[in-house]
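> got a sequence here, can you build the structure:
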Amino acid sequence: MGHRRIAAARYQGDRGWPRAIGLDVEPGRFFDGAHVAWRIAPFVAAGVLPFALVPVVGLSFADPRVAIAAAMAPLIIGAVLLVPWERLPAWPQAIPPLAYFVILALLRDATGDTPTVFDPLLSIPIIWFAIYGTGRQLALSIAAMGVTLLLPMALHGGYDSDQVERTIVAVVLAATVGPAVHELVRALRRTSTELGEAEELFRNAFDDSQVGMALVSLDGRFLRVNRALREITGYPEHELLGRTFGEITHQDDVDTDLDALRDLIDGERYGYRTEKRYVHAEGHAVWISLNVSPVYVGDGTLSCLISQIEDISDRKESEKRLTRQALHDSLTGLPNRTLFADRVRMSANRRSTTGYAIVYLDLDGFKLVNDTLGHAAGDQVLIEVARRLERLMRVGDTLARLGGDEFALLCEEVGEREVRAIADRVIDAVGKPIDVQGTTITQAASIGISLYSAEGPLAEPDEMLGEADLAMYRAKAAGKSRYALFETWMRTGETDRTALELDLQAAIANGQLVVHYQPEVDLRSGEITGAEALVRWQHPDRGLLEPAQFLFVAEASDLIAEIDDMVMREACLQAARWREDLPDSEHFTVSVNISDRRLADPGLSGKISQAIADARVPASSLCLEIAERAVMDRRATALGAIPDLEALGVRLLIDDFGIAISSFGSLKHLPRLNAIKIDASFIAGLGRAREDSAGVAAIVGLAHGLGLTATAEGLEREEQLREVQALHCDRGQGYYFARPQPPEALGEVLRSARLGELIS
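Coordinates of the predicted model:
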């Protein structure tokens, strides 16, 4: 209703005489001469026609009756044209038709017996008011017509029966036809008004809408556009009209629009709603929400399409930010676990031709960074590690931070050889020194790899991550700063770590842990010069378990201290036995690994001293192997026990040398350092990779320059042995010589010939 008032109010200023004569014209058309002339023609005819007939009927203006009629005619025409009759009560509105009929009556009286000339003119007011007037005006006109017909007969002395009959017929006909015509005209006018108001309402809604709107032809061309659409696209109206919507639609979205347009034209859908991009006049993309509806004409024919367009660029940008926040790590900006799992699922479904792998990375000892330097420093380390890993990524790989100090890399189109090389590069990149708040930190990483072939069964992302996680813990248990590939046996018994920890605790108490020994060989003489003590679990149900199957649980708890102490006691006692049973064994040493956590234990030196005293062996027969990452990290908590160990007289060896080195100067500041053991990752590539040979040569040269003994661990092939001998490495250890074995079996080897010559 409010819209109708608004539409009507637009014409209040035009209500004068144009409205009185039915000129409901919109602004701008008022002075349309042809329109005005057509609407006032009946009035002009009503006033002029009687005078045109005066000569025809032989009258003269000298007759006073004719003169009166002639004088009244222009007054009637002027009153009709100038007076706003619709504002007056009903009785004044009767003046024009009554005056008109008076004129006709005067003229008819002047002619005497010539009614047929003027009778047709009596219908003009009736027709006029039937079309343009009100019901009251029409009724007054009919009554006035009857008076006009009967009055002359009364003035001339009587009523003629024919004339009376004709008058009655004329009045009845006018009373019958006039109201019918009047109601028909009113209905037509009402419909016209409603259509006009509807058109005005549509025009207002279309042009003034804050939402972009357009009328589009069936071939996709813009027929009409509003201001909001022009602002959204940046095009002026004349540039949009005649263009197709495809010309301003982003090329990636055009095909979908064309399909929808065909469906609309074919009647397969009534409407179409989508979100797509327009190309702004300045060249950038604008996200819009588009709602298209068909427009049908009266016979049901599809005429055009009407589109509503809303700019949703801000909403899309917000959604993009929220999506990124939901799927990316806030610290490093890398994908998070959710997005990584989705990428893994996509990769599995693609079924690459070669295979794909998950490289699961955990930083070794990262908690110490937060504990000693603060969380801000820890964040800097994580960011730097993330940037280094990003530089290693290949096209198509996905790197994610899963939480804390855990990262994962999804590698596609890889086999075992390629993923091993990637793991080596990751370890090398992470191991480079990081400067944080003026302190040099050397970080190391343990890596687990789950590898899947193109022909293998599909696995869920959580399952694949779980397998890589298990492999990572095996790598950590095997000495950290290394990698391990997932194998099926790793999953056995690992569904409940708490249960495994309880079983391990019981195993320690029940003496199920045993110590095996792997010999170390002098690469010049071939003699066995020592042995490394390695723990095993003689499980009552699962048999003999390797350290990778249980030691990771111990390192995450306090059980590692109990295991270290047990191995230390057994190694010292076994060294004493061999010294008694074997000749020339005074220089034979037994090596024992010390976990990183134990180095911070102030009671470590006391327990080692007690083990040496109980076994009654010289301290020089015991060699303590310390991981390189602990030595190279300058945090005091990791090295607090070393001065006390030096005072005991035990030998000190840096294990896994080469994977976390940050400063050669750190070596010379460590008192009584005796040897370094080159990490097996360098030895694995000997004879195949030139860079590994160069790395081993550099480490051996460094050791000799500092007066240290260099031992190559992980020797498995003869070409590796020949290579380390050519590089003047002092000692070797690995499956090429012997696997770790019970002390009795190794004793037999030691007795064979002067501590057992293993190199022919």
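> switch to C-alpha atoms for all contacts and neighbour counts from now on
OK.
> not counting its neighbours along the chain, what's nearest K316?
W287 (7.2 Å; CA to CA, 6 or more residues apart in numbering).
> just checking: what are the partner strands of the helix or strand harbouring that neighbour?
Applying DSSP states H and E as the criterion places W287 in strand 285-296. Strand 285-296 has these partner strands in its sheet, going by DSSP bridges: strand 272-279 (antiparallel), strand 302-311 (antiparallel).
> give me the contacts around stretch 307-324.
211-216, 229, 232, 286-293 (CA atoms under 8 Å, 6 or more residues apart in numbering).
> looking at the strands paired with strand 285-296, which is nearest to D679?
Nearest to D679 among the strands paired with strand 285-296 is strand 272-279; the distance by CA to CA comes to 56.6 Å.
> in the closest one, what counts as buried?
Along strand 272-279, these residues count as buried under the neighbour rule (16 or more other CA atoms under 10 Å): 272, 276-279.
> circling back to that earlier point, what's near enough to touch the residue nearest to K316?
275-278, 311-313, 316.
> can you redo the residues you listed as CSV with distance to D656 and pLDDT?
Putting the contacts of W287 into CSV (distance: CA to CA, whole Å; pLDDT from 0 to 100) gives the following:
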residue, distance to D656, pLDDT
E275, 58, 90
K276, 57, 90
R277, 57, 91
Y278, 60, 92
D311, 61, 92
I312, 58, 90
S313, 55, 89
K316, 52, 86
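> and those residues, which two are furthest apart?
Using CA to CA, the contacts of W287 span at most 13.5 Å, a distance reached by Y278 and K316.
> could you measure from the residue lying closest to V297 once chain neighbours are set aside over to Y270?
In space, V297 comes closest to S303 once its chain neighbours are excluded; the distance is 6.1 Å by CA to CA, 6+ apart. For S303, the distance to Y270 equals 14 Å [CA to CA, to the nearest Å].
> between those two, which contacts overlap?
Overlap of the contact sets of S303 and Y270 (by CA under 8 Å, 6+ apart) consists of P294.
> excluding sequence neighbours, find me the nearest residue to Q210.
Using CA to CA, 6+ apart, the closest residue to Q210 is A228 (5.8 Å).
> same question for the helix or strand hosting that neighbour, mean pLDDT?
Applying DSSP H and E as the criterion places A228 in helix 227-233. Computed over helix 227-233, the mean pLDDT rounds to 91.
> and that helix, what does it pack against?
In terms of contacts (3 or more CA pairs under 8 Å, 6 or more residues apart in numbering; DSSP states H and E), helix 227-233 is packed against strand 212-216.
> ok, and what's touching the helix or strand just after the strand it packs on?
Using DSSP H and E, the helix or strand that follows strand 212-216 in sequence is strand 222-225. Strand 222-225 has contacts (CA under 8 Å, 6+ apart) with 207, 212-217, 237, 240-245.
> tabulate the residues you listed (TSV), appending pLDDT and neighbour count.
Shown next, in TSV, are the contacts of strand 222-225 (pLDDT from 0 to 100; neighbours: other CA atoms under 10 Å):
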residue	pLDDT	neighbour count
D207	80	19
G212	90	25
M213	90	26
A214	90	24
L215	89	23
V216	89	25
S217	89	17
E237	89	16
L240	89	21
L241	89	17
G242	77	15
R243	86	15
T244	88	16
F245	88	18
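> quick one: the strands in the stretch 601-750 of the chain?
Secondary structure of the stretch 601-750 of the chain (DSSP state E, counting those that start in this stretch): strands located at 622-627, 651-657, 673-678, 709-713, 731-733.
> including mean neighbour count, mean pLDDT and distance to T442, could these go into TSV?
Formatted as TSV, these follow (neighbours: other CA atoms under 10 Å; pLDDT from 0 to 100; distance: least, CA to CA, whole Å):
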stretch	mean neighbour count	mean pLDDT	distance to T442
strand 622-627	22	89	12
strand 651-657	24	85	13
strand 673-678	23	86	18
strand 709-713	24	93	22
strand 731-733	25	94	27
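> no more questions from me, cheers.
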